[in-house]
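> okay, predicted coordinates and the sequence, questions at the end:
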Amino acid sequence: MKVQINTDKNIEGSARLESYFSGEIEKSLDRFEDKITRVEVHFGDENGEKFSLHDKKCVIEVRPVKLQPVTVIEHAETLEKAFSGALAKVKKSLTTTFEKIKAH
């Protein structure tokens, strides 16, 4: 499972940020590891320099083997909250998807 972290021009992407979020994804999605080829995470600040509640965005796209990609979006006041919300959504979505496949 390859993990790729992307940030927009308003968010400073550092190696520390990348390793932290990559580690969290690998821990959270480890039970799906053999069913996923790639995970892409996109962070953005929709208002740039201006302050606004819930202007941080996290989009997580997971590419399961032989299935359509699963994409979730979460907005929050911090990157960490947006990330954890998106991660919870994608985990739930993958669980549902793979349980449906197993049932058939």
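The structure has been received and is ready for your questions.
> from residue 16, how far out is the most centrally placed residue in the chain?
By C-alpha atoms, centre = their mean, the chain has its centre lying nearest to residue 60, at 2.9 Å. Per C-beta to C-beta, to the nearest Å, residue 60 is found 19 Å from residue 16. Quick note: C-beta positions are derived from backbone N, CA and C, even for glycine.
> for residue 2, same thing?
Residue 2 is 20 Å from residue 16, by C-beta to C-beta.
> now do residue 69
Counting by C-beta to C-beta, the separation of residue 69 from residue 16 is 27 Å.
> those two: which has the busier surroundings?
Between residue 69 and residue 16, counted using other C-beta atoms under 10 Å, the more crowded position is residue 69 (11 against 8).
> phi, psi of that one?
With angles defined as degrees, to the nearest 10, residue 69 sits at phi -60, psi 150.
> dump the helix or strand that contains residue 26 to PDB, keeping only the CA atoms.
Residue 26 is part of helix 15-28 when elements are defined by DSSP states H and E. Listed in PDB are the C-alpha atoms of helix 15-28, where the atom choice follows Å, rounded to 0.1, in the frame of the first residue of the first chain:
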ATOM      1  CA  ALA A  15       8.700  15.600   6.100                       C
ATOM      2  CA  ARG A  16       7.400  15.500   9.700                       C
ATOM      3  CA  LEU A  17       3.800  16.200   8.600                       C
ATOM      4  CA  GLU A  18       4.100  13.500   5.900                       C
ATOM      5  CA  SER A  19       5.600  10.900   8.100                       C
ATOM      6  CA  TYR A  20       3.000  11.500  10.900                       C
ATOM      7  CA  PHE A  21       0.000  11.300   8.600                       C
ATOM      8  CA  SER A  22       1.400   8.300   6.600                       C
ATOM      9  CA  GLY A  23       2.000   6.400   9.800                       C
ATOM     10  CA  GLU A  24      -1.600   7.100  11.000                       C
ATOM     11  CA  ILE A  25      -3.000   5.800   7.700                       C
ATOM     12  CA  GLU A  26      -0.900   2.700   7.800                       C
ATOM     13  CA  LYS A  27      -2.000   2.000  11.400                       C
ATOM     14  CA  SER A  28      -5.700   2.600  10.700                       C
END
